[in-house]
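Participant: Okay, predicted coordinates and the sequence, questions at the end:
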Amino acid sequence: MPKPLFDQVDKVAYEGPETDNSFAYRHYDPDREVLGKAMKDHLRFAVCYWHNFVFLGQDMFGGDTFQRPWAGREGMDVARAKAAAAFELCTKLDAPYFTFHDRDIAPEGDSLAETNGFVDEIVALFATEMQRTGVKLLWGTANLFSHPRYAAGAATNPDPDVFAYAGAQVKKAMDVTYQLGGENYVLWGGREGYDTLLNTDLRRETEQLGRFMQLVVDHKHKIGFEGTLLIEPKPMEPTKHQYDSDAASVHAFLRKFGLEREIALNIEVNHATLAGKSFVHELAYAVANDLLGSVDVNRGDPQNGWDTDQFPNSAEELTLAFVEILRGGGLGAGGCNFDAKLRRQSIDPHDLLHAHIGGVDTLARGLVQAVRLIEEGAVDRFREERYARWTEPLGRDILAGKKSLEDLAAWVLETNLEPTPVSGRQEMLENLVNRVV
Ligand code: XUL
Ligand code: CO
């Protein structure tokens, strides 16, 4: 039995908003019924492997800072120690799910065969731990961005050998995700983009990416994986421009290759803001186009423009997010994956507990407040009334394709039509939101 990493805590439990215990949930009450469903089944939150067990606090100006038993060490012993810590963190947080990249869980060997062997060993350990603890896999994914072979992209690489290698890696990552009962499989195209158009054939690279996605879809059906395939949009970083920029660009890509019924979206907060959009916009776009699969929850910092991947702490932002998610019928087989990392000075392992506790409580508050806003009904009623005239004959006929521009021109001239402006009432609606947050 390895020594516990979080030795000050046995279990984080719900103690209510008044508790002074910083290792307790104040809002996340897993079995509390919300809209006829347990809170834990709305949130389906996940602990990610990479930020918690791989990242050690380095930034572009300095090396590792975190106090971890594996700092400065590598190899399979370290991989086993990280797996033990991962299941310790999940069980202590009562997290129903975890997520990982293939290269988070085991080191690269001298050949793909050796690397796959390392992956298999840790996957077998995961299977035992999942059985023992009841923690489940929300999604798996492949890291197609860290190794130097992917510097010019994976599927979009000018060299088909790299495409082949990426294909082999994704096949393995999908196979083990399926083996572990993963509920989704995520594709984030970290280096599928360009740093300069001077060396980039954009048309060709897009075709390559489309072919790659089709191969992923084919493999899913071949192995009988029933989980959802998800693309995670992000506009840049590490590339200057990433093809999967935002929900709308991924939608256009999916339609171009006829994949819009095969692949959904994993929307990440800080990727949305990096794209100059809001999280709630990206969710609304996904919901409006039946593409919402799952979410990566985190936040950026309003003062800098990059992907800081901080733990979410704005209940207001998450309230509006949950309004969209609930409008779309909830997250289904998706969940809320904490794609978030500690700050460089938060060096104690227990900071991982504080970070997740705050994040989970913020999600819980967002959910409850969204339900309050929906149940109060005034915002939805206002929205509905705003469009009510589209259910009258003129609106209905326009949408049904029964009116040409000539018909409309004749109607306007005949009736001397002059539309009456009405207020959009933005401030009043904002006041309604402020009543619940
Ligand atoms: C990177 C990012 C990834 C994906 C999975 O910004 O969000 O960790 O979530 O590859
Ligand atoms: Co992410």
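Facilitator: Yep, that arrived. Ligands and ions are numbered 1, 2, ... in the order given.
Participant: number of nearby residues for the residue in the stretch 301-437 of the chain that ligand 2 sits nearest to?
Facilitator: The nearest approach of the stretch 301-437 of the chain to ligand 2 comes at residue 339, 3.6 Å away (Cβ to the ion). C-betas here are computed from N, CA, C, even on glycine. Burial of residue 339 is recorded as 24 neighbouring residues (other Cβ atoms under 10 Å).
Participant: Please identify which helix or strand holds the closest residue to it other than its chain neighbours.
Facilitator: Once flanking residues are discounted, residue 339 sits nearest to residue 296: 3.7 Å by Cβ to Cβ, 6 or more residues apart in numbering. Secondary structure from DSSP states H and E places residue 296 in strand 292-297.
Participant: Over to residue 317?
Facilitator: Secondary structure from DSSP H and E places residue 317 in helix 315-327.
Participant: Can you list the strands that the following helix or strand past that helix pairs with?
Facilitator: Under the assignment DSSP H and E, the closest C-terminal helix or strand after helix 315-327 is strand 336-338. According to DSSP bridges, strand 336-338 forms sheet pairs with strand 45-48 (parallel), strand 292-297 (parallel).
Participant: Does residue 437 touch residue 317 like I think?
Facilitator: No. Counting by Cβ atoms under 8 Å, residue 317 is not a contact partner of residue 437; they are 9.6 Å apart.
Participant: higher neighbour count, the two?
Facilitator: Neighbour tally, residue 437 and residue 317, criterion other Cβ under 10 Å: the higher count belongs to residue 317, 20 against 17.
Participant: who touches the more buried one in this structure?
Facilitator: Residue 317 sits next to 269, 279-280, 299, 366 when contact means Cβ atoms under 8 Å, 6 or more residues apart in numbering.
Participant: pLDDT value on it, please?
Facilitator: The per-residue pLDDT reported for residue 317 equals 93.
Participant: can you check residue 3 too?
Facilitator: Residue 3 carries a pLDDT score of 89 in this model.
Participant: what about it, neighbour count?
Facilitator: Number of residues near residue 3 (other Cβ under 10 Å) recorded here: 9.
Participant: Equivalent analysis for residue 54, please.
Facilitator: Neighbour tally, residue 54, other Cβ under 10 Å: 18.
Participant: Quick check: it touching residue 104?
Facilitator: Yes. Counting by Cβ under 8 Å, residue 54 touches residue 104, with 5.1 Å between them.
Participant: And residue 186, which helix or strand is it part of?
Facilitator: Assigned by DSSP H and E, residue 186 belongs to strand 184-187.
Participant: which residues are in contact with that strand?
Facilitator: Applying Cβ under 8 Å, 6+ apart, the external contacts of strand 184-187 come out as 99, 138-141, 170, 173-174, 177, 213, 216, 220, 225, 227-232, 263, 266, 293-294, 333-334.
Participant: The next helix or strand along the chain from that strand - what's its average pLDDT?
Facilitator: The helix or strand immediately downstream of strand 184-187 is strand 193-194, counting by DSSP H and E. In this model, strand 193-194 has a mean pLDDT of 98.
Participant: Can you give the strand pairings for strand 193-194, parallel or anti for each?
Facilitator: Strand 193-194 is paired, per DSSP bridges, with strand 241-242 (antiparallel).
Participant: among the strands paired with strand 336-338, which is nearest residue 285?
Facilitator: Across the strands paired with strand 336-338, residue 285 has its closest neighbour in strand 292-297 (9.1 Å, Cβ to Cβ).
Participant: ok and that closest one relative to helix 315-327, angle-wise?
Facilitator: Computed by axes from the mean of the first three to the mean of the last three Cα atoms, to 10 degrees, the angle separating strand 292-297 from helix 315-327 equals 170 degrees.
Participant: Show me what counts as buried in strand 292-297.
Facilitator: For strand 292-297, burial by neighbour count (16 or more other Cβ atoms under 10 Å) applies to 292-297.
Participant: Which residues does that strand contact?
Facilitator: Outside strand 292-297, the residues that reach it (Cβ under 8 Å, 6+ apart) are 45, 138-139, 184, 186, 228, 230, 232, 264-269, 271, 283, 286, 312, 318, 321, 325, 328, 331-340, 359, 363.
Participant: How many residues are close by residue 418?
Facilitator: 6.
Participant: part of a helix, is it?
Facilitator: No. Residue 418 sits outside any helix when classified using DSSP: H, G, I helix; E, B strand; the rest coil, being coil.
Participant: pLDDT wise, what is it at?
Facilitator: 98.
Participant: Could you list the contact residues of this protein toward ligand 1?
Facilitator: Within reach of ligand 1 by Cβ under 6 Å from any ligand atom, the chain has these residues: 50, 101, 141, 186, 188, 232, 234, 268, 296, 307, 339.
Participant: try 5 Å
Facilitator: Counting by Cβ under 5 Å from any ligand atom, the residues of the chain close to ligand 1 are 141, 188, 339.
Participant: Identify, from those residues, the entry nearest to residue 114.
Facilitator: Using Cβ to Cβ, the residues of the chain next to ligand 1 come closest to residue 114 at residue 141, 20.9 Å.
Participant: that older thread, please list which of the buried residues of strand 292-297 also come close to ligand 2.
Facilitator: Subset of the buried residues of strand 292-297 in contact with ligand 2: residue 296, counting by Cβ under 5 Å from the ion.
Participant: Need the buried residues of strand 292-297 in a markdown table (columns: pLDDT).
Facilitator: Listed next are those as a markdown table, based on pLDDT from 0 to 100:
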| residue | pLDDT |
| --- | --- |
| 292 | 98 |
| 293 | 98 |
| 294 | 99 |
| 295 | 98 |
| 296 | 98 |
| 297 | 98 |
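Participant: closest to ligand 1 among the buried residues of strand 292-297?
Facilitator: Closest to ligand 1 out of these is residue 296 (5.2 Å), distances taken as Cβ to the nearest ligand atom.
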